[in-house]
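*Asks:* Below: sequence and its predicted model.
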Amino acid sequence: MQSDHALQRGSGQHDLSESRNQEFLTTSRSPDAELPIESIRCRSCRAMGTEFKLYLSSADEIQAQACYLAAFEEIERIEQAFSRFRDSSEVSRINRLAFNGPMVTDPEVFQLISRAMDISRKTGGFFDVTVGSLTRVWGFAEHQRRIPEPQALAEARESVGWQKVVLDPAWRTVQFLQAGIELDLGAIAKGYAVDSVMEVLRRIGVPALMDAGSSSMMANDAELFRDWKVAIPNPLNRALPLWDVKLGNRALSTSGVMEQSFVQDGCIYSHLIHPVGQSAPPSASGQQLLQVTVLAPDSTLADALSTAMFLLGHEQGSQSLQQFPECSALWVYSDANGLIPRAHQWPEDENLCNKGVFHGKA
């Protein structure tokens with residue numbers, strides 16, 4: 001389960017100065033495109049433990065400023081509701097009270113928890129938002145990363161399991177069947193924030209693209225952004241792109257080990273924690289999984305599935321994705337000879353940027 005501190009204390013830094021930073025875009029639109037890349041405005045804000053960059057097309061400066069403020073306020077609103085690190089959030093209230101009995105919760109929070117539970121069911125529990133106790137015992141929640149003591153790990157595992165959460169849609173209630181359960185929506189709320197901002201701007205007719213930490217991206221206008229290529233980074237050197245993807249009307253999410261992990265006894269331990277308590281990414285035949293990128297119809301689903309596909313690995317993940325026919329995934333493994341791609345329904349028209357890096361076939 002991803003505990004990438006997508007929901008953190010102390011956010012809300014808005015940068016409304018114009019930015020031309022388009023590092024995740026590897027090419028401009030085609031020559032006959034209506035709007036060249038130079039005409040796209042960009043602003044950023046710091047929230048949910050990452051940087052949100054909003055690219056939009058608006059010739060009116062007043063409208064553009066209003067759009068940026070509305071977008072960043074929407075992200076702040078979502079963080080206020082879903083952060084388990086804020087005592088005043090609805091998720092924190094659920095974590096405190098839901099073991100005492102069924103508790104009525106906010107409609108929006110209930111809807112996202114319901115969707116998370118559905119994804120848990122479809123992925124066999126490899127995506128699970130009840131892993132808050134595990135992220136704490138591994139030290140990722142407090143930035144004190146460590147291999148936990150066996151007893152502490154066993155105790156944390158007792159309070160994990162999506163089946164231990166009972167939802168009643170008729171009454172909109174949440175109940176925990178086990179003491180100590182702690183919901184951690186960090187692996188889905190960032191994608192939900194991207195979707196929410198895109199919907200706000202779609203309703204007012206402003207084409208836009210949002211990049212959340214270069215790991216979750218989505219556009220609300222497939223025509224305007226059809227030829228914009230998003231660069232999937234090399235997990236060993238994020239400054240080097242591996243693959244170009246035309247985003248179009250799809251959402252993209254990448255999960256990997258290189259940003260929040262530690263190495264002990266030659267093994268990488270990641271913030272992407274298996275619901276049964278493991279923290280080492282899947283490996284097979286001497287290959288180490290470093291990164292997974294998922295393309296999906298919306299950013300909420302892409303965000304959740306990139307975590308699940310990382311924990312499942314290519315073989316099991318490809319089988320699990322049969323539950324999500326509109327989604328595709330690209331796994332990047334490494335061994336002594338370099339990087340190896342593994343793919344499921346990856347678009348054939350996407351371009352490999354650096355062929356010399358790979359020694360296997362997708």
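*Replies:* Ah, there it is. Numbers count the residues shown, from 1 in each chain.

*Asks:* which SS state does Ala59 fall under?
*Replies:* Secondary structure assignment for Ala59 (DSSP: H, G, I helix; E, B strand; the rest coil): coil.

*Asks:* Equivalent analysis for Ile75, please.
*Replies:* helix.

*Asks:* where along the stretch 51-200 of the chain do the strands fall?
*Replies:* Using DSSP state E, counting those that start in this stretch, the strands of the stretch 51-200 of the chain run over 103-104, 165-168, 173-176.

*Asks:* correct me, but Trp346 touches Cys327?
*Replies:* No - the criterion here is Cβ atoms under 8 Å, and Trp346 misses it with Cys327 at 10.6 Å. C-beta here means a position set from N, CA and C on the backbone, and glycine is covered the same way.

*Asks:* what about the chain, any weak spots by pLDDT?
*Replies:* For the chain, applying pLDDT under 70 flags the ranges 1-39, 138-145, 148, 222, 258-285, 349-362.

*Asks:* Who are the contact partners of Gln178?
*Replies:* Going by Cβ atoms under 8 Å, 6 or more residues apart in numbering, Gln178 touches 99, 158-159, 161, 164.

*Asks:* do Pro169 as well
*Replies:* Counting by Cβ under 8 Å, 6+ apart, Pro169 touches 110, 114.

*Asks:* Would you format the contacts of Gln178 as TSV with distance to Ala189 and neighbour count included?
*Replies:* TSV is the format used below for these (distance: Cβ to Cβ, whole Å; neighbours: other Cβ atoms under 10 Å):
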residue	distance to Ala189	neighbour count
Phe99	22	17
Glu158	25	13
Ser159	20	19
Gly161	20	18
Lys164	20	17
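
*Asks:* helix/strand/coil for the residue nearest to the spatial centre of the chain?
*Replies:* Taking Cα atoms, centre = their mean, the centroid of the chain lies closest to Asp303, which sits 3.3 Å from it. With three-state DSSP as the basis, the three-state label of Asp303 is helix.

*Asks:* measure it to Leu209 for me?
*Replies:* Applying Cβ to Cβ, to the nearest Å, the value for Asp303 to Leu209 is 16 Å.

*Asks:* Helix or strand: which one has Met218?
*Replies:* Using DSSP states H and E, Met218 sits within strand 216-219.

*Asks:* immediately after that strand, which helix or strand?
*Replies:* strand 229-234.

*Asks:* what pairs with the following helix or strand past that next one, and is each one parallel or antiparallel?
*Replies:* Using DSSP H and E, the helix or strand that follows strand 229-234 towards the C-terminus is strand 237-246. Sheet pairing of strand 237-246 (DSSP bridges) gives strand 229-234 (antiparallel), strand 351-352 (antiparallel).

*Asks:* tell me which strands and helices the next helix or strand along the chain from strand 237-246 is in contact with?
*Replies:* Per DSSP H and E, the first helix or strand lying C-terminal to strand 237-246 is strand 251-256. The contact analysis (3 or more Cβ pairs under 8 Å, 6 or more residues apart in numbering; DSSP states H and E) places strand 251-256 against helix 189-203, strand 216-219, strand 229-234, strand 287-296, helix 299-320.

*Asks:* okay, the angle between the longest one and strand 251-256?
*Replies:* Pointing back at helix 299-320 there. For helix 299-320 against strand 251-256, the angle by axes from the mean of the first three to the mean of the last three Cα atoms, to 10 degrees is 70 degrees.

*Asks:* Now do the buried residues in helix 299-320.
*Replies:* 299-314, 316-318, 320 (16 or more other Cβ atoms under 10 Å).

*Asks:* coming back round to it: overlap in contacts, Trp346 and Cys327.
*Replies:* Common neighbours of Trp346 and Cys327 (Cβ under 8 Å, 6+ apart) are Leu295.

*Asks:* If you count surrounding residues, which of these two has more?
*Replies:* Cys327 (22 against 18; other Cβ atoms under 10 Å).

*Asks:* What residues does the nearest residue to the more buried one once chain neighbours are set aside make contact with?
*Replies:* If the residues on either side of it in the chain are set aside, Cys327 comes closest to Ala296, at 4.5 Å by Cβ to Cβ, 6 or more residues apart in numbering. Listed by Cβ under 8 Å, 6+ apart, the contact partners of Ala296 are 250-253, 302, 305, 324, 326-327.

*Asks:* Kindly recompute the last result at 7 Å.
*Replies:* Contact analysis of Ala296 by Cβ atoms under 7 Å, 6 or more residues apart in numbering lists 250-251, 302, 305, 326-327.
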